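Curious how this folds, go ahead:
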Amino acid sequence: MAYIEKEKVAEIRKRIKAAFNKEWKFSIVRDDYSGIRVAVMKAPIDFRKDYIFKHFEGDQERETVFKRLNEGKFEVNEFYINERWSGAARRAFNKIISIIYEVAGVPVNRNADDPGADYPDYNFFIWLQIGKWDKPCEFPRDAQSAAA
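Numbering: from 1, shown residues only. You can find the predicted model right below:
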């Protein structure tokens with residue numbers, strides 16, 4: 001069963017806030033005892049220019065992704081950071097994930113005790129996001145990246 005201790009979340013919160021300068025603001029909470037939710041609430045980078053639009057995304061998908069990024073509300077999949085992000089955003093998200101792994105361990109246990117299992121067992125969950133559903137992330141919007 002997925003579970004993360006509040007002490008580990010507090011340590012993760014402390015280390016993430018220490019790793020970034022004062023221009024960054026985060027909301028870091030334990031969510032339903034089963035995971036940690038890290039929301040970037042303020043950042044000095046334009047996330048829209050660091051998102052990598054893949055060739056297989058259609059125009060409608062591209063518009064939806066860009067709209068969500070422009071609004072400052074976007075879910076980041078921690079398993080695809082290197083494939084979906086570049087530049088400062090990739091470095092920031094990887095730093096956040098590495099701090100979580102360092103403090104709480106890697107959350108996925110591929111059922112090492114059951115060789116027949118083909119599904120992962122999660123020790124805890126990670127939700128990484130830009131902004132929250134009710135409050136967008138504040139970040140500079142460069143005019144040149146608005147055309148992306």
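
can you pull out the helices in the protein?
Chain-ordered helices for the chain, with DSSP state H as the definition, fall at 6-19, 47-50, 59-71, 81-84, 87-104.

quick one, what contacts K132?
By Cβ atoms under 8 Å, 6 or more residues apart in numbering, the contact set of K132 is 27, 39, 41, 73. In short, each C-beta sits where N, CA and C put it, glycine included.

Just give me the closest of those residues to T64.
The shortest gap between T64 and any of the contacts of K132 belongs to K73, at 11.9 Å (Cβ to Cβ).

what's the closest non-adjacent residue to the closest one?
G131 (4.3 Å; Cβ to Cβ, 6 or more residues apart in numbering).

Please look at that neighbour and M41 and confirm they touch.
Yes: A contact is recorded between G131 and M41 when judged using Cβ atoms under 8 Å, the distance being 6.7 Å.

what do the two both touch?
When contacts are counted by Cβ under 8 Å, 6+ apart, the set common to G131 and M41 consists of C137.

Any idea which residue is closest to the centre of this structure?
L128 (2.7 Å; Cα atoms, centre = their mean).

So for that one, what's the pLDDT?
Residue-level confidence at L128 comes out at 97, pLDDT.

show me what contacts L128?
When contacts are counted by Cβ under 8 Å, 6+ apart, L128 is found next to 38, 75-78, 93, 96-97.

Next, find the distance separating it from P136.
Counting by Cβ to Cβ, to the nearest Å, the gap from L128 to P136 is 16 Å.

on that earlier part again, adding distance to R62, write the contacts of L128 out as CSV.
As requested, the contacts of L128 are arranged in CSV below (distance: Cβ to Cβ, whole Å):
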residue, distance to R62
V38, 26
E75, 16
V76, 17
N77, 17
E78, 22
F93, 20
I96, 25
I97, 25
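
Would you format the residues you listed as TSV with neighbour count, pLDDT and distance to V65 included?
As requested, these are exported to TSV (neighbours: other Cβ atoms under 10 Å; pLDDT from 0 to 100; distance: Cβ to Cβ, whole Å):
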residue	neighbour count	pLDDT	distance to V65
V38	24	98	20
E75	12	96	11
V76	24	96	12
N77	13	94	12
E78	17	92	17
F93	23	98	16
I96	24	98	20
I97	18	96	21
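
Understood, closing this out.
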